[in-house]
Structure formats: structure tokens, C-alpha cells
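**Q** coords please:
(one chain, ligands or ions: 2)
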Amino acid sequence: MPVTEDRQKFVYDFTEGNKELKDLLGGKGANLAEMTNLGLPVPPGFTITTEACKVYLEGGEEPPSMRDEVTAHLEALEERMGKKLGQADNPLLVSVRSGAKFSMPGMMDTVLNIGLSDESVAGLAVQAGDERFAWDSYRRLIQMFGKTVLGVDGELFEDALEEAKRAKGVTTDVDLAAEDLKALVARFKDIVAKETGRDFPQAPREQMDLAIRAVFDSWNGDRAKLYRRQERIPGDLGTAVNICSMVFGNLGPDSGTGVAFTRDPASGHQGVYGDYLQNAQGEDVVAGIRNTMPLAELERIDKASYDQLMQIMETLETHYKDLCDIEFTIERGKLWMLQTRVGKRTAGAAFRIATQLVDQGLIDEAEALQRVTGAQLAQLMFPRFDEKAKTELLGRGIAASPGAAVGRAVFDSYTAVKWSRSGEKVILIRRETNPDDLDGMIASEGILTSRGGKTSHAAVVARGMGKTCVCGAEELEVDTKQRKMTAPGGVVVQEGDVVSIDGSSGKVYLGEVPVVPSPVVEYFEGRMHAGADDADELVQAVHRMMAYADRMRRLRVRANADNAEDALRARRFGAQGIGLCRTEHMFLGERREMVERLILADTDTEREEALSALLPLQKADFVELFEAMDGLPVTVRLLDPPLHEFLPDITELSVRVALAEAREDANENDLRLLQAVHKLHEQNPMLGLRGVRLGLVIPGLFAMQVRAIAEAAAERKNAKGDPRAEIMIPLVGTVQELEIVREEAERVIAEVEAASGTGLKLPLGTMIELPRAALTADQIAEAAEFFSFGTNDLTQTVWGFSRDDVEASFFTAYLEKGIFGVSPFETIDKDGVGSLVRAAAKAGRATRPDLKLGVCGEHGGDPESVHFFHEVGLDYVSCSPFRIPVARLEAGRAAALNGKGGSDSR
Ligand code: PEP
Ligand code: MG
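**A** Ligands and ions are numbered 1, 2, ... in the order given. Modelled structure (predicted):
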């Protein structure tokens, strides 16, 4: 097949390709070529490229030079095989198979036995010494060709086949004799003629050309399009077409076909895993017509082929350095390889296989890290519902925080706490949650809300606590007053009924679904040791992979935690500090009244009294936290949410006051509260009086917090501890805001230093979570020793999306329309929000080269986002304690992928 230099080559012999050419030859073609070049027994053939397919799909015609190339390759094939396509006395038959870059199992077309005709069927009978086989092959061709190439309704053939069996009084097609099949061929040809207005093509080359077109066309078939959308496979890749000489597994008991894995895709164990079907073609295995036998039995039936197969599997594993799955056929005792590819595997097997391959010396640690993902690790960390259990689905929401939780339905926090204290496991069901629900959330096994998205209060807090959460389950009607929830089918869940929620899939079930625990979490918690004699094999593999990642990564990993318990867990999970301590959680519960007093204060004295009451409590919080994280940095963020969040609900309070007034029994405090609530009420609280703005208008608030931090640090130092507090200012939009806060903070710190006789180093930095802050990062860096990107708010403000509303209201539509592939609140929007992060990091460092850069939005624990933060050069990511192992792993993977590993990260 001479091809001139300047002409594009559209056809490659199997001997010409290799496994790296998947873009051009598709996965199947590239791997067939690779196996051919390894000297493995692959039936000879050639591949038409995806480029040819693209030309065809664009213009409706094959590229002009393709036909000649196919001719040249076919002639070469005929010569090698010593027979011609469809030759009457000794026919060469070929299969025409699709094969895209990414596996799309069963989504596109394949035609077998091309080359059979009224004439060559006799030649095949002689060749095979089996007339029945020849006619059966011919009827399969007409059936498959009729359906996929000519577009005839497949049922017409099925019906005719059924009819033939009925007429003969048999139940399987194996019982049809040569004569019956001959009659069936005539019947099938009639169907083709009637349905298409033309005869079944007898010319072998015409059959082949039409089949090639049909495979090209099948790229745009409905099934293929749907699959691509689901799997996010680009629509413009096109498929390659593989033309392969036929081998037959249905030539008698010494023939057969099978599939195998080089090791167990469920456990990773090495051994013989696969199925074999004697006297059958590949399609029979897939169709499940007869029961297959375990591959190990092939040893008994055909030891020579079995031994050869084992040898080949070893060659493939060593060559691909990974688990491979294969398809093979044995034709009268001769083994043929029809396909191989790197096989899919479960999350657990992925970890085990990666370490096994390192032990075998096949891959190094950096490569091992590419063989697993953070998503797989996350899967391994959550207790799961038993897949085999029977379930009754009530509805579905957003999978907000993974895990499997079972408990009795409760509709308010008070009941959640009360019931859990008496030993009941409960699921807290709310329309949405707010800081008031914290106790209830802590007391619950899991949280279910009918409103809110992945960054809603329920979702963020649940993830922080490692609690299962399904949010935004809009189809479930939650009625907290009546204490019930109604599912779409009318099923009603009353308080006390048992429900099960799956935070990995968003599914909500009625009743108890059995749960299996995760040994991997036991390991991270330190309750299971990887070195123990009887240590779980999976745990050992995870342990080793984490060590590889830690050695490799450049990014540090910190935790978002605001109490000692979370901090200690984060430390056990490998956190190298706290990147975000949200102090608002310290203002709830019993302290709420003090906050109310602060808000209601009319005079400086009243305000100062309220602040002085809060100070020792804040200080105690920080002492505990600094002790838990001794020797590691703790970034404390000053108060962020709008103050009205600390006051009672406006509607409830209004009703209470109105009722009291009607009874002429108004309570003075309630009246003042109501006034304050009205005053602080905002239409868009997320864009209102919060963050640094609050610190600037409520005198003494930030000063009190800074004092608490400084005094706690001094106390820890005096106790010979090593506190490393950092003070972080939220929602800064301009450097002036920061300068004012800084001045006051420095004054307070100096006072504490003087009073305690201790020198304190308390770096002061800011969150970058507003576009203006990002755009003026060069100026802001003048007053900040560190930046922490608050990508939750930054996403909200860059897109103009309300983080509490949009995910439930229209994100599903956006995802369906392909406006984005994943929520920008989940994975950083690299082009928009990400480019601001990149620019701000650069501008900040230009002003202050040693500026420390981190991220503490939810994206800090998201695998894809971690890679982005590695790439833009941040120093650390901060995420909820339960996501720390995933962030460590992904930071290691990112470094390994970019060849920028380093051993200084831990
Ligand atoms: C953020 O905005 O990304 C952030 C971490 O702060 P919060 O979620 O508390 O607003
Ligand atoms: Mg924020």
C-alpha cells in the first residue's frame, strides 16, 4: 500500500500500529496492532482510522483515497491468508468492527462473516468440512448485515428463526440442521428484498464497503450519542473500523470462545479469572445463550491452548504493566487473540493492583499514583449500603456528603437530640438547615433536606463532620409542622419511621438498608494498623499509596476545623495544620444569648460587657484548638456571617410579639429583639453586612476575637506549647478594609504581649473571595502576609450564583444542557474563577514574594481542583477532615503527573 508522502494515510495494517495510537486507530485497533507486534496470535487484518470516519461524518463521503488504500490492504491480507475475500471455493471471511478511542461497549456496530454469498457458502462448507456450520454462518451474516447495515427491523429475522424452530419442533438453533438453515437463508433474503427493495448484496467487496459505512454511521446512532453524553466522551472523535480475518469458535467441541482478566478485577488477586464457552462465537457469550464454564476448566479440555493463553496473559501484563482484559477464540485447537485492553476494576482492586505492580518491579511509585484516584479512595472511606440488599426507593436528591446512614426520621433538632440521647439512631429531615440545627445534625446519623445544593449549610456542615447528607431532594415534600415527608408515589414517612439515605448516590430509601463499614477509615483513625500481622490487604495497599503520595507532593494539606475534636481527627488523617477555623460556630448554643446582648447593646458599656463575657469563652476555644494542633499552623478566621443569623427567625418572632401584644402582654426584650431583627434584615444577606464589614461597624468585635487568639497563644506558649496561630480576615474587597483591621489587631497583640510578657508572631492575612479582592491582589498583598482563596464565595460572586439556591433550582437543567459538566461549586471553574485565582496568586507574589497562598473553599478537597491548585503554585489546600486523605493523594498524583515531586512536603 504505497502512500505518497503528501497524502494522509487512512488505513494501517495491524503490523503498522501500536498501543499509543488510540486517537487514530481506536482502542481496539491500537491494541490489536500492539499484540500483533508482540508476536501474539492475532488474526491478520487492518484498521481504517478515526480520521477517515471524521471526513465521512463531515461530508457524507469517505475520503477519496481511502478506497484504494483499503484495496491495497485487502490484497495484502488475501495474499497472506492464501485465499480471497468471498472466493467461491476457498473464501476469506472478515469481521468489520467498530472501535473508538474510549471503550463504548455495545454502543456501535459490528458485522461478522463478511464475504459469504450464495456461492462462497459452499466453499466454506468444504473448507470447514461442515455444511451446517457454513449455512449457519451465512444466516448470521444476512441477519446482522440486514439489521445493522440495511436497517431492517431485527425482529423480522428473530421471528423467522423462531418460526423455523417451531416448524421443526425444537427449542434452540443448535438443533437446526443444514437443510433448515439453508431454508432460513432463503427466508432471510426474502425479508431483505421485501424490506429494502433490493437483494442481499452478493459481491463481497460491496458487503465490506457497506459494512464500513454502517460502522462509521453508528458513531452517531442514538445509543452511542446517549452513552457519550453520560460518559462525557467528546462527540467529534469518530470511530475506527477494524477489518479482521474471521476465526471461528463454533467449529465443534475443540473450538470455543472466552473472556479473561489477567487478575481479579474485584480484588486484584492474581489468578485465573474468566469464562469459556465451548463451540460458540463471541456473540453467544455476550447473549448468555448457554452457561459459560470457569476459565480454569479449559485446562482439562485443551491443555495446550490453556497453557499458551496463560503465557500470553503474563506477556500482556508485563508489557502493559497493568491488569488487562482479553477476548479470545479457539478454532479447532488453535488459539487466537481477538482483543485486549487495560481492564476496569473496583476501587479496592485499583489500590491493591497498583502496589502489587510496584512489588513486581513493573511500575514505580509515581506511576502507581496514576493508577488510583481520589474518588476511588473516597469510595473506600465511606460505609456503604450492602449492594445485595432489597430496597424501596422513596426519591433522590443531591449526593452532598457520601456515606450510608440509617435511622428514624425526625423533623427538628430538638427531637434529634432527645431521641439520640435515649440511644435511637436518627436521620434529621428538614427543608433546609441553619446554624440552629447544629446540635441536631451532630446527634443524627445523617441529614436529608429538600432544599439547597452542595454548598448549602446542610451540605457544608455535614461534609465537615463526615456525616452522610442528601440535600435538595425537591421531590420529597417535607412538612416539619406535621412531622412527615411525602414521596412522589404518595408514600408518607412519619416521625419515627426508619429511612436510609445514601450520600454517594443521593438516593433515599424507606426502611433499613444494611450497611457495611469501611476498614480504610478504621486505619486513618488509627484503630487498625497497616503493619499488623492480620492487617487488611486493602488497608496495607492504601497505607503504601498514601506514603508514595506524601513523598511526592508539593502541596501541603490542611483542615477546615473549628473544634479540638475535628482538629485531632484531621491530624490523625494527616493534616498539616488548620487552614480555616470558622469562628461563627463558637457563637451558637448557650453563647447565643451573649451575642444577642452584643447586638442589642445601646451603650458602649453594654457592648463592652457583652464582649467581655464572650472573651474568656473564645479564648478557651482557641487554647483547646492550639493544643490539639500544637506545632502546626492554625488559621483562625474572624466572624463572617451576617449578624441576623444569630437572632431568632423574623416570622416566628413577629408572630410571638403580635400574639403577646394582642394579649397585652408584650415582653420588652422580644420587642427590642424584633426591632433589631428588622434593622438587620437584608434582602441579600450574603452580599450584605458580613465579614470584614461587620468587624468595621461593630466596635470591639474583631478586637475581642484577636485578643482571644493572642491570649490563647500566649497561654499555650507559657505552658511550653508551640502555638502557630494566624489571623484571617474574611470578605475583604479593598486593602483599606484590611489596613484598618490590621492596625487595631497589631495594637491588641502588642497589649497582650506586654501583659503576658511573651513575644507573639501572629501573621495576619485575608481571604480572597471577592472578585475585587482578586483583581487588586497586588495592593491587598501590601497588608496581608497570606491569602486564602475562599472559592465558595468567589464562585458565588464571579458567577452571580447564590450558593444556597442555584444548585437545587436550575443546575440540573444546566448540567443536562451541557452548560457545565459539573457544578462550579464542586470543581473549580478553571476558566473563570480559576483564572482569577491564578492572576491573584501571581499579583500577590509580585508584591510580596514570600506571600503564603492557600485555598479553603470546598474545592480544597476536590480531586480535579487540587490538581489545578498544584498547577497554579499554591502552598496548601484546606478541606474538611474527612477529605484530607483524598487531598493528600491527589496532591501526590498532581506532583507525580507533572514530574515535580519533592520530599519536602511533610
Ligand atoms: C469560602 O467562601 O470559600 C469560604 C471558605 O468561606 P465560607 O464558606 O465560610 O463562606
Ligand atoms: Mg466565604
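**Q** and the gap between the nearest residue to residue 463 once chain neighbours are set aside and residue 68?
**A** The shortest distance from residue 463 to any non-neighbouring residue, by Cβ to Cβ, 6 or more residues apart in numbering, is to residue 401 (4.3 Å). Where C-beta positions appear, they are placed from N, C-alpha and C, glycine not excepted. Using Cβ to Cβ, to the nearest Å, we find residue 401 at a distance of 60 Å from residue 68.
**Q** which SS state does the residue lying farthest from the centre of the chain fall under?
**A** In the chain, counting by Cα atoms, centre = their mean, residue 664 sits farthest out from the average C-alpha position, at 59.6 Å. Following DSSP: H, G, I helix; E, B strand; the rest coil, residue 664 is assigned to coil.
**Q** can you tell me the element the closest residue to residue 28 other than its chain neighbours falls in?
**A** In this structure, residue 28 finds its nearest non-sequential neighbour in residue 99, 3.2 Å apart by Cβ to Cβ, 6+ apart. Assigned by DSSP states H and E, residue 99 falls within strand 94-100.
**Q** by contact count, what packs against that strand?
**A** helix 22-37, strand 110-114, helix 204-218, strand 239-245 (3 or more Cβ pairs under 8 Å, 6 or more residues apart in numbering; DSSP states H and E).
**Q** and with 6 Å instead?
**A** Strand 94-100 sits against helix 22-37, strand 110-114, strand 239-245, with contacts defined as 3 or more Cβ pairs under 6 Å, 6 or more residues apart in numbering; DSSP states H and E.
**Q** among the ones you listed, which comes closest to residue 775?
**A** Closest approach to residue 775 among these (Cβ to Cβ): helix 22-37, 39.3 Å.
**Q** buried stuff in that closest one?
**A** Across helix 22-37, burial judged by 16 or more other Cβ atoms under 10 Å covers 22, 24-36.
**Q** off-centre distance for it?
**A** Centroid separation for helix 22-37 versus its chain: 28 Å, with Cα atoms, centre = their mean, to the nearest Å.
**Q** again, but for stretch 420-432
**A** In terms of Cα atoms, centre = their mean, the gap separating the centre of stretch 420-432 from the centre of its chain is 29 Å.
**Q** that one - what's its average pLDDT?
**A** Averaged across stretch 420-432, the pLDDT comes to 93.
**Q** so what touches it?
**A** 407-411, 416, 419, 440, 443-452, 478, 485, 499 (Cβ atoms under 6 Å, 6 or more residues apart in numbering).
**Q** could you do stretch 15-22 as well?
**A** Residues outside stretch 15-22 that contact it (Cβ under 6 Å, 6+ apart) are 25, 30, 31, 33, 34, 36, 101.
**Q** give me every residue that touches residue 184.
**A** Residue 184 makes contacts with 139, 164, as judged by Cβ under 6 Å, 6+ apart.
**Q** distance-wise, check it relative to ligand 1.
**A** Going from residue 184 to ligand 1 by Cβ to the nearest ligand atom, to the nearest Å gives 68 Å.
**Q** again, but for residue 894
**A** Separation of residue 894 from ligand 1 (Cβ to the nearest ligand atom): 20 Å.
**Q** and that residue, how many residues sit next to it?
**A** Residues near residue 894, counting by other Cβ atoms under 10 Å, number 25.
**Q** ok, now residue 798?
**A** Using other Cβ under 10 Å, residue 798 has 20 other residues around it.
**Q** hmm, residue 831 and it touching each other?
**A** No: contact criterion Cβ atoms under 6 Å: residue 798 and residue 831 do not qualify, at 10.6 Å.
**Q** in whichever strand or helix holds residue 616, which residues are buried?
**A** Assigning secondary structure by DSSP H and E places residue 616 in helix 604-628. Of the residues in helix 604-628, 607, 610-611, 613-615, 618-619, 621-628 count as buried by neighbour count, 16+ other Cβ under 10 Å.
**Q** from the residues you listed, pick the one nearest residue 335.
**A** Ranked by distance to residue 335 (Cβ to Cβ), these are led by residue 628 at 62.2 Å.
**Q** quick one on the thing from earlier: among the contacts of stretch 420-432, which ones are in helices?
**A** Using DSSP state H, the members of the contacts of stretch 420-432 that fall in helices are 416, 419, 440, 443.
**Q** export those residues to TSV and tack on neighbour count and distance to ligand 1?
**A** Output for the ones in helices among the contacts of stretch 420-432, formatted as TSV (neighbours: other Cβ atoms under 10 Å; distance: Cβ to the nearest ligand atom, whole Å):
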residue	neighbour count	distance to ligand 1
416	28	24
419	20	30
440	24	20
443	21	23
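**Q** now, the most widely separated pair of the residues you listed?
**A** Using Cβ to Cβ, the pair of those lying farthest apart is 419 and 440, separated by 10.0 Å.
**Q** just confirm residue 253 is within a helix.
**A** No: Residue 253: not assigned to a helix; according to three-state DSSP it is coil.
**Q** phi, psi for it please.
**A** phi -60, psi -20 (degrees, to the nearest 10).
**Q** follow-up on the earlier one: same for the next helix or strand after the helix holding residue 616, what does it pack against?
**A** For helix 604-628, the following helix or strand on the C-terminal side (DSSP H and E) is strand 633-637. Applying 3+ Cβ pairs under 6 Å, 6+ apart, one finds that strand 633-637 contacts strand 578-582, strand 724-729.
**Q** as a markdown table, the helices and strands packed on strand 94-100 with mean pLDDT would be great.
**A** Shown next, in a markdown table, are the helices and strands packed on strand 94-100 (pLDDT from 0 to 100):
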| stretch | mean pLDDT |
| --- | --- |
| helix 22-37 | 97 |
| strand 110-114 | 93 |
| strand 239-245 | 97 |
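**Q** closest to ligand 2 out of the helices and strands packed on strand 633-637?
**A** Nearest of the helices and strands packed on strand 633-637 to ligand 2, taken as Cβ to the ion: strand 578-582 at 8.9 Å.
**Q** so for the closest one, what's the average pLDDT?
**A** Mean pLDDT, strand 578-582: 98.
**Q** that one vs ligand 1: in contact?
**A** Yes: shown here: strand 578-582 in contact with ligand 1 (Cβ under 6 Å from any ligand atom) through 580, 582.
**Q** strands paired with that strand, and their directions?
**A** Paired neighbours of strand 578-582 in the sheet (DSSP bridges): strand 556-560 (parallel), strand 633-637 (parallel).
**Q** any part of it near ligand 2?
**A** No: using Cβ under 5 Å from the ion, strand 578-582 never reaches ligand 2; the gap is at least 8.9 Å.
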